[in-house]
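J.: Pasting the sequence and the predicted model now:
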Amino acid sequence: MQVTIRDLTKVYRGGVRAANGINLTIPTGMFGLLGPNGAGKTTLMRMLAGILRPTSGSIQVGGYDGTTEAGRRQIKKTLGYLPQELGMYPDLSAREFLDYVGILKGMDDRKQRQQRVEELLRMVALSEVAGRKLKTYSGGMKRRVGIAQALLNDPKLLIVDEPTAGLDPEERIRFRNLLSELGGDRIVLLSTHIVEDIAQTCQNLAVMKAGRVIFQGTVTEMLQETRGKVWTLAVPGGAKPEGNFTVVSMLNMGASVQYRVVGEPLPGQQATPAEPSLEDGYVWLMREQGPNSAHVLAS
Amino acid sequence: MTLQLPALWGALRYEFRMQIRRPTVWITFALFTLLMIALFQHPATTFEETYTRLLKQESLQKVLADWAFNINNYLPICVGALLAGRLPRDRRTRVDELFTTMPTTRGTRLWGKLFGAMLATTVPMFLIYLGGVCFIASYAHNLLAIPLAFPTFIVVALPGLIFISAFSLACTAFLWSPLYQFLFICYWYWNTLWFHTDLVSLSRTLLSPIGLYTVMGIYGLNESSSGQHPIHITGTPLQAIASILLLIATAVVAMLALDGYLNWRQAQQ
C-alpha cells in the first residue's frame, strides 16, 4: 500500500494556511514526519485521518480517495490513529475503553474482539492494571492505551502524532521499539519534532516547515545533503564564535569550549569537519529554508 | 444518517454504563425527590393519602397511570439536566475527534448516546416510580400492579423522556450546558409545573412531554389526582397516539438536525 498526497492545501477560517500545496508519497514501513511546532504536521495527519477536510488537493490511500465521503469511510476501516492528545473516557477501565473502541472500529464478533483486546493489553504491558479506571493512569500508561486502541483493527495505515512527547526516556525507547516492530508490513506515519525518534526508527522521512514539505527522502539522503556543513570549533575561554552558522551543541572542556556548528565558519576559525547526524541535517534544512527561501529540497 | 446496528448497540451499552455509574445521577434524583416530598407535605396531598383515596374510587390501571403521570410531571427535570453534559463531555475529553477516525458514523454514536444515557438516567426515576407502584400493589392487595406498571411507564413517560433527551443532546451542541440546564428548568417550571390555563404553553398541546394526552386519551384520566392542577382538557385515544408519535418524531428530527449540524461544523473546521 502507498499513500499519495498531491497539492494538498488547508486554509483555516481566518485565512491561516496550515498546509500549502503538500506533495508526498509514503511507502510501506516507518515514515517520519519532522518539523518544528506549527509546521503543519498535525494538520496533515488530521486530514489523512479524516478529521479535517482539505481545502484543495488530493489524498490517495491505497485505492481510496481521501477527499470523498465514500473514500474516507473505506480508509477509516484500515486506519489506526493515535493523536497528540488522546481522547478517552476517564471513568472507563482500559479494558472497557478498548472494547468500546473495538466496537466502533467495526469488530462485531464479541469473542474475537475481547481476545484482541487482551492480546494488545499484554503487548503494551497493561494486563495487570487493565481493570483500573483510566483516570488513575500515568501519562505513559495512557500513551500505551493509545497505541493499543490504534492497533485494535490491525490497521494498514497507522498514524501516530508526537507519540513520545512527555514520556520519560525509558518509556520513549520502549515506545520507539514498539513502533519499529509494527512498521514491517504497514505504513506507520510518525510525526514528531524529536529528531532522535526519527533517527532511531525511520528509513524514509519528510521535513515540513510553514505548511510545506521541504525535504523528502531517506535518512541517508538527508545526511548526504548536510555533509560538509557540520563543524566542530574549539574556542579557548569559551567566547561564543561568530559566523554564518547555527550552534547545535556546546561542550565545556575546562580550558576551552567545543562548539558543534552547522553552516560556514569564518576562514580564520580552526574548524574541523564533523560527520553529520540527522539533527544536524534538520538544523541545516531549517537554516536553508528560511522564511524567504524559495528553494525546496523535496524530491 | 447511516445506522450500524452492532455499533449502535455497543455505544448504547457503554453510554448506559458510564451514565449509571455517575454518582451525580443518583444524588440529583435523591435530592430532588426529597425536595418534592418536602414541598408536598400538606396532609391532603401526601402520596399515601392521595393514592389510598384514589384506589377506592378508580381502577388499578387508572391509578397507575396517574402515578406515572405525576412522576412525569417532576422528575424529567433531572433527566433533562443530567443529559445536558453528555455531548460536551465528548468534546472536552477529545474522544469525539478520536471516534471520528473510526468507521462507525457519528449518527450511530449519537443514537447510542441518546438511548444509553437516557435509559441510565431513567433508572433512578423508574425506581422511584416502582416504589410507589409497590405501595399501590400492597394497598390494593393486587400484585398485578407490578406487571401493569411497566407498560404504563413506557406509554406515559417514555415518549416525553425521548423528546427531552434528544433536545438535551441537541441544544448543548451550540449552547453552554449550564445555560441550557437553567433554560430547561425555567421552561419546565413555566410550561409544566406552573400549570395555568390562561398562559400559552406547550403543555396543553400534543407536544406535551408529560404525557397529558396519553393519560387522558388512553387511560381516561381527566384531572390530576393531587387536585392541584386541574387539567380541563379532554383527550381521545387518537390524540394520545398522535401525541406519542409527535413527541418521538420531533426527537428524531432533533437528532437528525444535531447530526447534520455536527457534520457541517466538522466540514467548516
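T.: Received the coordinates, thanks.
J.: Could you grab the helix/strand/coil label for the spatially most central residue of chain A?
T.: Residue closest to the average C-alpha location in chain A (C-alpha atoms, centre = their mean): residue A:191, at 1.3 Å. Under DSSP: H, G, I helix; E, B strand; the rest coil, the three-state class of residue A:191 is strand.
J.: correct me, but it touches residue A:160?
T.: Yes - Residue A:191 lies in contact with residue A:160 (C-beta atoms under 8 Å); the separation is 7.0 Å. Placement of C-beta: from N, CA and C, glycine included.
J.: From the rest of the structure, what touches the helix or strand hosting residue A:257?
T.: Element membership of residue A:257 [criterion: DSSP states H and E] is strand A:256-264. Counting contacts by C-beta atoms under 8 Å, 6 or more residues apart in numbering or on different chains, the residues outside strand A:256-264 that touch it are A:226, A:229-238, A:240-241, A:243-251, A:271, A:274, A:276, A:280, A:283-284, A:287.
J.: List only buried entries from these.
T.: Among the contacts of strand A:256-264, those classed as buried by 16 or more other C-beta atoms under 10 Å in any protein chain shown are A:226, A:229-235, A:241, A:243, A:245, A:248, A:250, A:271, A:274, A:276, A:280, A:283-284.
J.: What values do phi and psi take at the residue lying closest to residue A:23 once chain neighbours are set aside?
T.: If you skip the residues right next to it in sequence, residue A:23 has residue A:6 as its closest partner in space, 5.8 Å away by C-beta to C-beta, 6 or more residues apart in numbering or on different chains. Note on residue A:6: its backbone torsions stand at phi -130, psi 120 [degrees, to the nearest 10].
J.: mind listing what residue A:6 touches?
T.: When contacts are counted by C-beta under 8 Å, 6+ apart, residue A:6 touches A:23, A:57, A:58, A:60.
J.: Any chance you could note which residues of chain A sit beside chain B?
T.: A:12-13, A:49-53, A:73, A:76-77, A:79, A:81, A:83, A:85-92, A:96, A:100-101, A:103-106, A:108, A:149 (C-beta under 8 Å from any C-beta of the partner chain).
J.: Check what pLDDT residue 3 gets.
T.: With no chain named, the answer covers chain A. With respect to pLDDT, residue A:3 has a value of 94.
J.: switch to chain B, that's the one I care about
T.: Reported pLDDT for residue B:3: 63.
J.: swap in residue A:241?
T.: Turning to residue A:241, the model gives it a pLDDT of 81.
J.: is it fair to say it lies in a helix?
T.: No - looking at residue A:241 with three-state DSSP, it is coil, so not inside a helix.
J.: what about it, distance to residue A:134?
T.: Distance of residue A:241 to residue A:134, computed by C-beta to C-beta, to the nearest Å: 51 Å.
J.: ok, residue A:270 - contacts?
T.: Each residue near residue A:270 by C-beta under 8 Å, 6+ apart is listed here: A:233, A:234.
J.: can you check residue A:206 too?
T.: By C-beta under 8 Å, 6+ apart, the contact set of residue A:206 is A:24, A:31, A:32, A:33, A:34, A:213, A:215, A:216, A:298.
J.: now the strands for the stretch 101-250 of chain A?
T.: Assigned by DSSP state E, counting those that start in this stretch, the strands in the stretch 101-250 of chain A fall at A:157-161, A:187-192, A:204-209, A:212-218, A:230-236, A:244-252.
J.: need those in CSV with mean pLDDT, can you?
T.: Conversion of the strands of the stretch 101-250 of chain A to CSV gives the following (pLDDT from 0 to 100):
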stretch, mean pLDDT
strand A:157-161, 94
strand A:187-192, 93
strand A:204-209, 94
strand A:212-218, 93
strand A:230-236, 87
strand A:244-252, 87
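J.: Out of these, which gets nearest to residue B:165?
T.: For the strands of the stretch 101-250 of chain A, the distance to residue B:165 is smallest for strand A:157-161, at 34.7 Å, taking C-beta to C-beta.
J.: Packing partners of that closest one?
T.: Secondary-structure packing of strand A:157-161 (3 or more C-beta pairs under 8 Å, 6 or more residues apart in numbering or on different chains; DSSP states H and E): helix A:41-48, strand A:79-82, helix A:139-151, strand A:187-192.
J.: With distance to residue A:177 added, can I get those in JSON lines?
T.: JSON lines is the format used below for those (distance: least, C-beta to C-beta, whole Å):
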{"stretch": "helix A:41-48", "distance to residue A:177": "22"}
{"stretch": "strand A:79-82", "distance to residue A:177": "16"}
{"stretch": "helix A:139-151", "distance to residue A:177": "12"}
{"stretch": "strand A:187-192", "distance to residue A:177": "13"}
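J.: nearest to residue A:220, of the ones you listed?
T.: Between the helices and strands packed on strand A:157-161, strand A:187-192 lies closest to residue A:220; by C-beta to C-beta that is 17.8 Å.
J.: Lowest mean pLDDT among the helices and strands of chain B, which one is it?
T.: Least confident helix or strand of chain B, by mean pLDDT, DSSP states H and E, is helix B:47-57 with a mean of 82.
J.: same for the next helix or strand after it, what does it pack against?
T.: Per DSSP H and E, the first helix or strand lying C-terminal to helix B:47-57 is helix B:60-74. With contacts defined as 3+ C-beta pairs under 8 Å, 6+ apart, helix B:60-74 has these neighbours: helix B:47-57, helix B:106-140, helix B:145-156, helix B:212-217.
J.: What's the local residue count around the spatially closest residue to residue A:139 that is not a sequence neighbour?
T.: Distances taken as C-beta to C-beta, 6+ apart place residue A:166 nearest to residue A:139, at 5.3 Å, with adjacent residues excluded. Counted with other C-beta atoms under 10 Å in any protein chain shown, the neighbours of residue A:166 add up to 13.
J.: Show me which of the residues of chain A next to chain B are buried.
T.: If you count burial by 16+ other C-beta under 10 Å, the buried members of the residues of chain A next to chain B come out as A:49-53, A:76, A:79, A:81, A:83, A:86-89, A:91-92, A:96, A:100-101, A:103-106, A:149.
J.: got any ranges where the chain has weak pLDDT?
T.: In the absence of a named chain, chain A is used. A:238, A:290-299 (pLDDT under 70).
J.: Switch to chain B, please.
T.: Residue ranges of chain B with pLDDT under 70: B:1-3, B:42-45, B:193-200, B:223-233.
J.: Which residue lies nearest the spatial centre of chain B?
T.: Mean-position check on chain B, C-alpha atoms, centre = their mean. Result residue B:161 at 2.5 Å.
J.: contacting residues around it?
T.: Contacts of residue B:161 by C-beta under 8 Å, 6+ apart are B:76, B:79, B:118, B:122, B:209.
J.: Try it again at 7 Å.
T.: Residue B:161 makes contact with B:76, B:79, B:118, B:122 under the criterion C-beta atoms under 7 Å, 6 or more residues apart in numbering or on different chains.
J.: so the first one sits right up against residue B:159, yeah?
T.: No - contact between residue B:76 and residue B:159 fails when scored by C-beta atoms under 7 Å: they sit 11.2 Å apart.
J.: And the nearest residue to residue B:79 once chain neighbours are set aside, how close does it get to chain A?
T.: Residue nearest to residue B:79 in three dimensions, not counting chain neighbours: residue B:121, with 4.9 Å by C-beta to C-beta, 6+ apart. Separation of residue B:121 from chain A (C-beta to the nearest C-beta, to the nearest Å): 15 Å.
J.: beta partners for the residue nearest to residue A:23?
T.: Judged by DSSP bridges, the bridge partners of residue A:6 are residue A:58.
J.: any idea how far residue A:67 is from it?
T.: 10 Å.
J.: hey, what's in contact with both of these two?
T.: Contact with both residue A:6 and residue A:67 is made by residues residue A:58, according to C-beta under 7 Å, 6+ apart.
J.: Nice, that's everything, thank you.
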